[in-house]
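> The following comprises the amino acid sequence and a computationally predicted model.
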Amino acid sequence: HSAETSPSVVLENVKGCNAKYIQILLENVSRLAADEDFTVEMIPELNVAVATFLKSIDTKEFIKKCVQNKRAKKFNITARLLEVTRSIKAENIPDNISTDYLTVYFESAQNGGGPVADIQLFSDENSAIVTFCDHKGNA
């Protein structure tokens, strides 16, 4: 999907809203049915919800309607396209793991991976930033 036709929209400032509230809000805005036409994933640590559309919609028009919705305005909820990324953060990596091992792991089709362009290892945090050659391989 190009950024223009991304089927995922990020709703920000959703603190105090549960998934059901967001689903109903989106149903009202889009005239689509939750679960049948779109799914909602709450990410409380980031104070966001991600709506993924299961069919093609005009995301720019949808975002405009979201921002204009009076319930969304009441909570200061904003909406934007979910940008496509080529990098992920891997956490809880065991000590003494090499970047070669991580490359093999993240390039494994069994793990949903793909060709790896770069790995930055942060041994003090037991984490790594894995950058794929394209955005399809994000385990």
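Happy to help now that I have it. Residues are numbered from 1 along each chain as shown.
> What is the neighbour count of V10?
19 (other CB atoms under 10 Å). (Each C-beta comes from the backbone N, C-alpha and C, glycine too.)
> let me fix that: K73
Neighbours of K73 (other CB under 10 Å): 12.
> in whatever helix or strand it lives in, what's buried?
Element membership for K73 (DSSP states H and E) is helix 70-74. Going by neighbour count (16 or more other CB atoms under 10 Å), the buried part of helix 70-74 is A72.
> Pull the distance from that helix to the chain's centre.
23 Å (CA atoms, centre = their mean, to the nearest Å).
> averaged over its residues, what pLDDT does that helix have?
Helix 70-74 carries an average pLDDT of 90.
> which residues sit against it?
L11, L25, N28, V29, C66, V67, T78, A79 (CB atoms under 8 Å, 6 or more residues apart in numbering).
> same check, this time on stretch 18-33
Contacts to stretch 18-33, defined as CB under 8 Å, 6+ apart, come from residues 11, 14, 17, 34, 37-38, 40, 42, 49, 51, 53, 55, 57, 62, 65-66, 69, 71-72, 77.
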